[in-house]
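*Asks:* Structure of the sequence below:
(one chain, ligands or ions: 1)
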Amino acid sequence: MATTTTMKGTAPALLDFTTFTNTIDGKQTTTAETRHSTNPSTLEANPEVPVSTEEDVNRAVEAARKAYNSWRKTTFAERRACLEAYADGIAANLEGFATMLTREQGRPIALTRMEVATTSERLKQTAALELTDEIIADDKDSGGQTVVKRYTPLGVACGIVPWNFPIGLAALKLSAAVMTGNVFIMKPSPFTPYANLKMAELAQQFFPPGVIQCLSGDDSLGPWLTEHPGIDKVSFTGSVATGKRIMQSCSKTLKRVTLELGGNDAAIVFPDVKDVAATAATLAQACFFNTSQICIAIKRVYVHADIYSAFRAAFVAAANGFVYGDGLAPHESAPFMGPLTTETQYKHVQTLLDDVRATKLDVVRGDDGRDPLATAMDTKDAGKGYFVRPVIVDNPPDSARVVAEEAFGPIVPLMQWTDEEDVIRRANDTRLGLGASVWSGDLAHAAEVARRLEAGNVWVNTHMMSHPEAPFGGHKWSGIGVEGGVDGLKQYCDIQVLYLAN
Ligand code: NAD
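*Replies:* Below you'll find the predicted structure:
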């Protein structure tokens, strides 16, 4: 196989997280122009990163095409060894990655450590998957033919990554691409380029030059990649609006496209849940984790009228109990919520709060008596950053913006229901179909309801769980294609059928 520079068993080198470069053809390179993002907790500047030019894109694609000629010939076992060693390299640099993620994304350090650890684990789980030839017919001995279905790599894959889980989401794309014999160019979000750039730098210890590359840049970079004739596949995670633009752009060169887009997940809570208060507390976590900036966060909560007021009291108590703040500053107890990651997101949440105020919707007050709408952004105690406290809107109509739109911020509507058919209709009444959940003491009945929800991932008595062998993807406008498991590997392949006759 083409040489790898560090073999399994050799201790991976520790990365330096002070300077940040592109990785092109196995080398760390920078650009004449640089830029930086902002730490969303402190509003201080993060370090400089490259602003790639079209010429950098061309060089990366050329190196990728060269690397592909050898990498496609490697065996699954050879690629597995590289990916497993890379996973160890990520784990060895856990503290560096987690600290950088907190500086760029804002999530408190205990939770970014979780992202890094889970990423390393998921890389190994992907390395353990098998995508083997399938014998469709074997009639050769009786004068017929053997028919074999194979999965062949596409060539150069490009992963376009959002800012909410930068390394976890990049790793899903990268690992499926290289395990199937493709080479990979990563494009981080301009808001969170740092950990992604270091992922590619680290990869040079384990993969041949050109197999894993990364370019950071401004808003021009994405379109240069999606239109480039030397790129064969784009896997994008981000908003629906950008997903549509990407698909249009990729159509010019008939690139294969995977789109993992937004969600507006509904949770339906039945009156027979075993413990109303405990269920409410669990749902609050699934609503506010990562300051609600998760595609599969619960964004609409439908609670049966019989338990609505008890649920609401426990839900608001749990939400008001979440500590928020700068995830790297000393705290009495570790914060659960960091700031919103970007100024755009902060302003978007502000418009939703303004809309709640203008349309005179009710908001739930906690025991502290504070007016949540008036004080949601009054968070100077946490510092200068884009902090917002949880706001819970009390039984708004389904037409309210806070129900109909993906907030991607800590503003969550609780709604009452009484009729099962009607609540299923309300949950499905959206263009989006990423996730949904049903909460009930009657598992069999909950599973029936779950089957009727129009979403790619439906949970009963839990939410956001995943499994390394399960595909993840959205229905309707939440996406096209899947990531994860063997189905995720297939997204980086064409099918070839061999007909073998004597
Ligand atoms: P976004 O759409 O603003 O951008 C994501 C990425 O696309 C960035 O890297 C950006 O630079 C790039 N980009 C923007 N315009 C481009 C273009 N014309 N061509 C090529 N690239 C372009 O998304 P975001 O705000 O970073 O992420 C938030 C959204 O992502 C939410 O809607 C969320 O639900 C969704 N999301 C979905 C999943 C999923 O798995 N389904 C996971 C996480 C986030």
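*Asks:* give me phi/psi at the residue of the stretch 1-150 of the chain at minimum distance from the ligand?
*Replies:* Going by C-beta to the nearest ligand atom, the ligand is nearest to Gln105 of the stretch 1-150 of the chain, at 10.9 Å. The C-beta positions use only the backbone N, C-alpha and C, and glycine is treated the same way. Phi and psi for Gln105, reported as degrees, to the nearest 10, are phi -100, psi -30.
*Asks:* likewise the one 10 residues further on?
*Replies:* Dihedral angles of Glu115 (phi, psi; degrees, to the nearest 10) stand at phi -60, psi -40.
*Asks:* my read: it touches Thr102, true?
*Replies:* No. With contact defined as C-beta atoms under 8 Å, Glu115 does not reach Thr102; the gap is 9.9 Å.
*Asks:* List the buried residues in the helix or strand where His348 lies.
*Replies:* For His348, the enclosing helix or strand under DSSP states H and E is helix 343-358. By 16 or more other C-beta atoms under 10 Å, the buried positions in helix 343-358 come out as Gln345, Tyr346, His348, Val349, Gln350, Leu352, Leu353, Val356.
*Asks:* hmm, which two among the residues you listed are most spread apart?
*Replies:* Greatest spatial distance among the buried residues of helix 343-358 (C-beta to C-beta): Gln345 and Val356, at 16.8 Å.
*Asks:* Quick one: end-to-end distance for stretch 475-485.
*Replies:* Criterion C-alpha to C-alpha, to the nearest Å; first-to-last residue distance in stretch 475-485 is 18 Å.
*Asks:* and the gap between Arg245 and Gly366?
*Replies:* Look at Arg245 and Gly366: by C-beta to C-beta, to the nearest Å, they are 41 Å apart.
*Asks:* my guess is Ala407 contacts Lys299, does it?
*Replies:* Yes. Here Ala407 reaches Lys299: they are 6.2 Å apart, a contact under C-beta under 8 Å.
*Asks:* more crowded one of these two?
*Replies:* Comparing Ala407 with Lys299 by other C-beta atoms under 10 Å, the one with more neighbours is Lys299, at 30 against 25.
*Asks:* Which residue, neighbours along the chain excluded, lies closest to the more buried one?
*Replies:* Using C-beta to C-beta, 6 or more residues apart in numbering and skipping the chain neighbours, the partner closest in space to Lys299 is Asn264 (5.0 Å).
*Asks:* Leu489: neighbour count?
*Replies:* 21.
*Asks:* got the contact list for the closest residue to it other than its chain neighbours?
*Replies:* Of all residues not flanking Leu489 in the chain, Leu131 sits nearest, at 4.7 Å (C-beta to C-beta, 6+ apart). Contact partners of Leu131, counting by C-beta atoms under 8 Å, 6 or more residues apart in numbering, are Phe76, Tyr151, Met179, Thr180, Val486, Leu489, Lys490, Cys493.
*Asks:* same question, Gly168
*Replies:* Glu115, Thr118, Thr119, Arg122.
*Asks:* Distance check, it against Pro335.
*Replies:* Between Gly168 and Pro335 the computed distance is 20 Å (C-beta to C-beta).
*Asks:* same check, this time on Lys27
*Replies:* 39 Å.
*Asks:* Tell me which of the two has more neighbours.
*Replies:* Legend: neighbour count by other C-beta under 10 Å for Lys27 and Pro335, higher for Pro335 (23 against 12).
*Asks:* SS state for the spatially closest residue to Ser175 that is not a sequence neighbour?
*Replies:* Nearest residue to Ser175 in three dimensions, chain neighbours excluded: Thr126, at 4.0 Å (C-beta to C-beta, 6+ apart). State at Thr126, reduced to three classes by DSSP: H, G, I helix; E, B strand; the rest coil: helix.
*Asks:* Get me the contact residues on the stretch 351-500 of the chain for the ligand.
*Replies:* Residues of the stretch 351-500 of the chain lying near the ligand by C-beta under 6 Å from any ligand atom: Glu406, Phe408, Leu434, Gly474, Gly479.
*Asks:* one step back: name the next helix or strand downstream of the helix holding His348, please.
*Replies:* For helix 343-358, the succeeding helix or strand toward the C-terminus, using DSSP H and E, is helix 372-375.
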